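S.K.: my questions concern the predicted model and sequence given below.
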Amino acid sequence: MTRKVSVLIALVALMGGTALAQDARSILQAYGNMIGANNVKSVQYSGTGAHGFFGQAFTPNDDWPRTDIKSYTRTIDYDSKSSKEDMVRVQGNNPARGGGFVPLIGEVKSTTLVSDKYAWNLNNQGNAVPQPAAAEVRQFDIWVTPYGFVKAALASNPTVTRRNVRGKMLNVVGFTTMGKYRVTGEFNDQNVLERVLTWIPDPVLGDMQYEIRYLDYKDYGGMKYPSHIHAHQGDNPVHPGRTGFNVFDLRLTDLKTNVSGAALTVPDNVRTAPMPQARATSDKLADGVWLIGGAGANSLAVDFRDFITVIETPANEERSNAVIAEVKRLIPNKPIRYAVNTHNHFDHLGGVRTYVAEGATIVTNEINREFYEKIVFAPQIRTLSPDRLSLFPFATTGPNTVNQLETFTDKYSITDGNRQLEIHHVQGLNHNGGMAMIYFPKERIIVNADLYSPPTPEAPLPARANQSAFTFYDNVKRLKLDPATVAPIHGRPGPWDEFVKWIEPQAAARQRGGAVE
């Protein structure tokens, strides 16, 4: 009798699972019929809107810096897994606060492409620049578009759950694509897709939430399609009352299906481009101080009597592991006790968890404390791209378990009684509200991120300084520092006198309210 009951329960469960799968397919087929998914091989849509520069917030509590999208066209070919995105951005009336090269000067054009496992950008001359590390996420982005969602979900084993979402009962259809990416779509009772929620890997946020809202469906040639697309990236639980980290907003002006030429031809230099490998090269700036280059952003290694301090943790774990290996080669048999983080922008923050796993204490501005403790160092789910810290037991037992953070408001010093390193808050900066610059009094080295980079020998200084350069100059004067060498996080070191000779006439003209002649 017990066995019969068990068999009956198993059959009911199997039938229930089949019914749920069938229900999911019915929802997808109904939605697919509405948008014409069965007959669509490619799509091209255009519009205008707004763009948020991901990872470049003025403070951790602010939205991504916003610029206007003057024109936008995206062309997707689903069979070849191709996508081409052309965008022109302008500053518009948006506040010029945060990173992402704001304020934009004139029109800034970008073209990003992917075809199956190959990704590339077009530079200003129209030449292909390989972007192999971006290929996977760019291809995945195809499958979270309305047509892509239907095609990818029906090709998998979709499930459906009835849930109360923001006070409304919705059918949530879920599936896995590309072998690892979990996607959910929220459908209303008319079988219309309203929102896609998924996760993509990020060095700072782990399995980062990616939300796309499909709004205001309109008729395009007899088929319905959302005329308003709005996306968030990086929403987090620290500020649940916020409207979100807005990364994209588009109002469609045109949509065409089955356009010719949608399938892309991969350039030869893109097809043969290897996956970039992290490397670290070192140049001695002074006794016990090295600039660690070899990538788009630098770090510095500083030798103290019985420990090491590293300044800046850019990019990601791969880059940080390469830097740490070079630091240990230069300064053997000493622990990395401190890692100084200049500011919270993700290109400078991406490797910070690697240094926590190494045992270092992170030094940063007090403005970053809550974000770092509750989000960056907390045990966020990291199934898509695990890192060293996520594999440590203490990092997976609950929030605030990593107690390796020192913060400051105006100044912080690291010393061993002989060498001294001063960390100063940069006041009045539009680029970031918690920016730090680092000064070595004895060696007369000033380290800065995103404020000023000396030009290469063959390149002249720009005709005019930007606001960040003026702010850098003003803060060095305010603090009465006496540097001889500028060591930038981006670029090459150069003499302070060269910077002064360039900026002082402009600073004087600015004080007079005029322009540099």
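M.R.: Perfect, I can see it now.

S.K.: give the buried residues for the lengthiest strand in the chain.
M.R.: Ranked by number of residues, the top strand in the chain under DSSP state E is strand 206-220. Across strand 206-220, burial judged by 16 or more other CB atoms under 10 Å covers 206-214, 217, 220. For the C-beta atoms, the positions are set from N, CA and C on the backbone; glycine is no exception.

S.K.: what's the answer for stretch 498-509, then?
M.R.: 499, 502-503, 506-507.

S.K.: show me the shaky parts of the stretch 251-400 of the chain.
M.R.: 393-400 (pLDDT under 70).

S.K.: ugh, wrong one, the chain
M.R.: 1-22, 239-243, 393-402, 514-517.

S.K.: domain assignment for it?
M.R.: Recorded structural domains for the chain (assignment: automatic domain parsing) are 15-268, 281-512.

S.K.: among those, which comes closest to residue 275?
M.R.: The minimum distance between residue 275 and the domains of the chain falls on domain 15-268, with 4.9 Å, by CB to CB.

S.K.: how far does stretch 309-326 sit from its chain's centre?
M.R.: Chain-centre distance of stretch 309-326: 17 Å, with CA atoms, centre = their mean, to the nearest Å.

S.K.: how long is it end to end?
M.R.: Using CA to CA, to the nearest Å, the end-to-end distance of stretch 309-326 comes to 13 Å.

S.K.: in it, which residues are buried?
M.R.: Going by 16+ other CB under 10 Å, stretch 309-326 has these buried residues: 309-324, 326.

S.K.: would you format the domains of the chain as CSV with distance to residue 274 included?
M.R.: Listed next are the domains of the chain as CSV, based on distance: least, CB to CB, whole Å:
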stretch, distance to residue 274
domain 15-268, 7
domain 281-512, 14
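
S.K.: tell me which of the buried residues of stretch 309-326 fall in strands.
M.R.: Using DSSP E, the buried residues of stretch 309-326 in strands are 309-311.

S.K.: which of the residues you listed sits closest to residue 69?
M.R.: Out of those, the member with the shortest distance to residue 69 (by CB to CB) is residue 311, at 36.1 Å.

S.K.: residues in contact with that closest one?
M.R.: 299-300, 302, 339-340, 342, 438, 447 (CB atoms under 8 Å, 6 or more residues apart in numbering).

S.K.: could you redo the last one with a cut-off of 6 Å?
M.R.: 300, 340, 438, 447 (CB atoms under 6 Å, 6 or more residues apart in numbering).

S.K.: next structured bit after the longest strand of the chain?
M.R.: strand 223-233 (DSSP states H and E).

S.K.: what pairs with that following strand, parallel or antiparallel?
M.R.: strand 206-220 (antiparallel), strand 246-257 (antiparallel) (DSSP bridges).

S.K.: can I get the longest one as CSV, trimmed to CA atoms?
M.R.: Extracted as CSV, the C-alpha positions of strand 206-220 are listed here (Å, rounded to 0.1, in the frame of the first residue of the first chain):
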residue,chain,number,x,y,z
GLY,A,206,29.0,39.4,-8.0
ASP,A,207,25.9,37.9,-9.7
MET,A,208,24.6,41.4,-10.5
GLN,A,209,21.0,42.1,-11.0
TYR,A,210,20.0,43.2,-14.5
GLU,A,211,16.5,44.3,-15.0
ILE,A,212,14.8,45.3,-18.2
ARG,A,213,11.2,46.7,-18.3
TYR,A,214,9.2,46.5,-21.5
LEU,A,215,6.5,49.2,-21.5
ASP,A,216,3.9,50.9,-23.7
TYR,A,217,3.4,48.2,-26.3
LYS,A,218,2.4,49.7,-29.7
ASP,A,219,1.6,48.4,-33.1
TYR,A,220,4.4,48.1,-35.6
